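Visitor: when you get a sec, could you give me coordinates for this:
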Amino acid sequence: MSRSVWKGPFVDGYLLNKAEAARASTRNEIIKIWSRRSTILPQFVGLTFGVYNGKKFLPVQVTENMVGHKFGEFSPTRTFTGHAADKKAKRG
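Guide: Predicted coordinates:
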């Protein structure tokens, strides 16, 4: 279920402040964020965010195609190591 249109997209307040500060400084540094639930806005295009996945910050370069999605979609929290049955079949 999505958020209602009249409320607008959800973005944590501190995230907007960090993005504006990064645009003003014109330095290409990674903005560390913990808010995986925040929506990517058009103001974020061209910036690089370090999205925390529970273990480390994964760099996410925001492009125009990402607008409207959530930051968490681009920072996976689980790594697939394969199935145990596949490993047995390869050995034999």
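Visitor: what's A84 sitting at in phi/psi?
Guide: phi -70, psi -40 (degrees, to the nearest 10).
Visitor: wait, A22
Guide: In terms of degrees, to the nearest 10, the main-chain angles of A22 are phi -70, psi -40.
Visitor: give me the pLDDT for it.
Guide: On the pLDDT scale, A22 is placed at 92.
Visitor: and for the one 10 residues further on?
Guide: Each residue has a pLDDT score; the one for K32 is 96.
Visitor: so where's this protein shaky on pLDDT?
Guide: Judged by pLDDT under 70, the chain has its weakly predicted residues at 86-92.
Visitor: tell me where the chain has strands.
Guide: Along the chain, counting by DSSP state E, strands occupy 31-33, 48-52, 57-61.
Visitor: pick the most deeply packed of these.
Guide: strand 48-52 (a mean of 20; mean count of other Cβ atoms under 10 Å). To be clear about C-beta, it is placed using only N, CA and C from the backbone, and glycine gets the same treatment.
Visitor: what ranges does this protein have for its helices?
Guide: Here the chain has its helices, by DSSP state H, at 13-25, 84-91.
Visitor: let's have those helices in JSON lines, adding distance to S75 and mean neighbour count.
Guide: Formatted as JSON lines, the helices of the chain follow (distance: least, Cβ to Cβ, whole Å; neighbours: other Cβ atoms under 10 Å):
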{"stretch": "helix 13-25", "distance to S75": "14", "mean neighbour count": "13"}
{"stretch": "helix 84-91", "distance to S75": "26", "mean neighbour count": "8"}
